[in-house]
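In: The following comprises the amino acid sequence and a computationally predicted model.
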Amino acid sequence: MTTTSVHTVRPCVAAFGQDSGILTVGGIPVDRLAERVGQTPFFAYDRGLLSQRIARLRAALPAGIELSYAIKANPMPAVVQHLSGLVDGFDVASALELRTALDTPVSPDRVSFAGPGKSPGELRQAVAAGVTVELESETEASRVCEVGEQLGIRPRVAVRVNPDFQVKGSGMRLGGGPQQFGVDAEQVPMLLQLLARDDVEFVGFHVFAGSQNLRADVLAESQRRTAELVLRLADHAPAPVRYVNLGGGFGIPYFDGDQPLDIASIGAHLAELRDGALGSGLPDARLVIELGRYIVGECGVYVTRVLDRKRSRGRCYLIVDGGMHHHLAASGNFGQVIRRNYPLAVGTRMDQPATERCTVVGRLCTPLDLLGQDVELPPAEIGDLVVIFQSGAYGPTASPAAFLSHPAPAEVLV
């Protein structure tokens, strides 16, 4: 994969800009940014690109479709605070993410708490906060009711549904077939009967069938089937449905051959659902799209410094001070079946042609610590900065940071 030749600059690289051959993030040359941060490796997220991303989404999504940010994609507090003024709500999956969301100006009734295996303590915090608890099992439902009685608070709940269909083309399937996520669609009516007997505020449903999908037609079909499923289940609801989380699954291009998602097409289809089946069948429901990776993924980079340069039996190796312990996804060990390189560049040599093929590795004692295999790059020397793009989502918090006890990477929003 060639990512740095001055003749073949990929869009994700061009989005960050250059200054005298040095990559810029938030308008700051990456070498100067490294001095400002005070260390390498680090993750840097571009505030302007985040705002532009939301603006493009708003332009494509029809009025009446709310936008929720899934904090799991990037829970850095500064990022979440910035997005709090741009999105309609947050989705959280842990007590710490819940506290991060509650520290923002976003109202608790615009925060949803999803994920299997919520502990009794987490459920207690969620009920006390007044957020929407998305129930993933009958056990969670009974625990939430018990917590509500103990606290004297009527819990706000929705049911997360494991749909009776699968989404093809998703990087990770989160619905259809047996799943740890959600309540099987055929079991939801029985759970709704139980909720009708309890003192809870039932608001609606959440259906999330898959993630990292680049095909607009597949996503549209999933949304259509989700709408049909929710309308069927609404007949069993103990109260009018006021909340429908249609999930997300919007993918971003990582590899050669990946094409950007046609967001305009998805927006047009959502408008049809809003004006058709969902609008007429559930006129009081808030319609929500929940996105994480699609919002932040292309707005961040991982920056690591070359510590050594060596040749081994004809192959060039650049050994950097970062690695898979910081960025597991870029190493190929976070969901890739066949390993492929993330877009990668020598950030301090952006104006030089790619004339050398090198393999970029970290300093962990495992051959899995691979950040770029046989990548065409400008000749890099010790001290140069290697930059990995598409790193705004599932970076440090999705990586085994304690492996070999190297220092954690810094994170900055610029």
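Out: Sure thing, it's come through. Predicted model only: the values in this text are computed from it and were never measured.

In: Give me the below-cutoff pLDDT ranges for the stretch 301-414 of the chain.
Out: Filtered on pLDDT under 70, the stretch 301-414 of the chain yields no residues whatsoever.

In: how much space between residue 215 and residue 120?
Out: Applying CB to CB, to the nearest Å, the value for residue 215 to residue 120 is 40 Å. For glycine as for every other residue, the C-beta is placed from the backbone atoms N, C-alpha and C.

In: In terms of neighbours, single out the busier of those two.
Out: Taking other CB atoms under 10 Å, residue 215 and residue 120 do not tie; residue 215 has more neighbours (18 against 12).

In: Show me where this structure has its helices.
Out: Using DSSP state H, the helices of the chain run over residues 11-14, 30-37, 47-60, 77-84, 95-102, 120-129, 138-151, 188-196, 216-234, 263-275, 277-281, 293-296, 328-331.

In: and residue 250, which of the ones you listed is closest to it?
Out: When the helices of the chain are compared by CB to CB, helix 293-296 sits nearest residue 250, at 3.8 Å.

In: which outside residues touch that closest one?
Out: Helix 293-296 has contacts (CB atoms under 8 Å, 6 or more residues apart in numbering) with 45, 50, 53-54, 57, 69, 73-74, 79, 83, 87, 211-212, 248, 250-252, 261, 392-394.

In: Derive a PyMOL selection command for the buried subset of the residues you listed.
Out: Those of the contacts of helix 293-296 that count as buried under 16 or more other CB atoms under 10 Å are selected in PyMOL with:
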select buried, resi 45+50+53+54+57+69+73+74+79+83+87+211+212+248+250+251+252+261+392+393+394
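
In: any chance of the helices of the chain in a markdown table, plus distance to residue 204?
Out: Listed next are the helices of the chain as a markdown table, based on distance: least, CB to CB, whole Å:
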| stretch | distance to residue 204 |
| --- | --- |
| helix 11-14 | 36 |
| helix 30-37 | 43 |
| helix 47-60 | 22 |
| helix 77-84 | 23 |
| helix 95-102 | 19 |
| helix 120-129 | 16 |
| helix 138-151 | 15 |
| helix 188-196 | 11 |
| helix 216-234 | 8 |
| helix 263-275 | 15 |
| helix 277-281 | 11 |
| helix 293-296 | 22 |
| helix 328-331 | 32 |
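
In: which stretch in those helices has the least confidence?
Out: The minimum mean pLDDT among those belongs to helix 11-14 (a mean of 83).

In: distance between it and the chain's centre?
Out: Remark: helix 11-14 is offset 19 Å from the chain centroid, using CA atoms, centre = their mean, to the nearest Å.

In: what's in contact with it?
Out: Counting by CB under 8 Å, 6+ apart, 3, 4, 23, 253, 260, 298, 343, 345, 389, 390 sit against helix 11-14.

In: Among those residues, name the ones in strands.
Out: Using DSSP state E, the members of the contacts of helix 11-14 that fall within strands are 23, 345.

In: For residue 198, state which of the contacts of helix 11-14 is nearest.
Out: Distance to residue 198 across the contacts of helix 11-14 (CB to CB) is lowest for residue 298, with 43.1 Å.

In: Contacts only, for the closest one.
Out: By CB under 8 Å, 6+ apart, residue 298 lies in contact with 12, 15, 49, 53, 252, 389, 390, 392.

In: Now for those: which two are most distant?
Out: 53 and 389 (14.4 Å).

In: Show me how this protein divides into domains.
Out: Domain assignment of the chain by automatic domain parsing yields the ranges 11-46+298-413, 75-291.

In: Distance to residue 65 added to the ones you listed, as CSV?
Out: Supplementary listing: the domains of the chain in CSV, determined by distance: least, CB to CB, whole Å:
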stretch, distance to residue 65
domain 11-46+298-413, 21
domain 75-291, 5
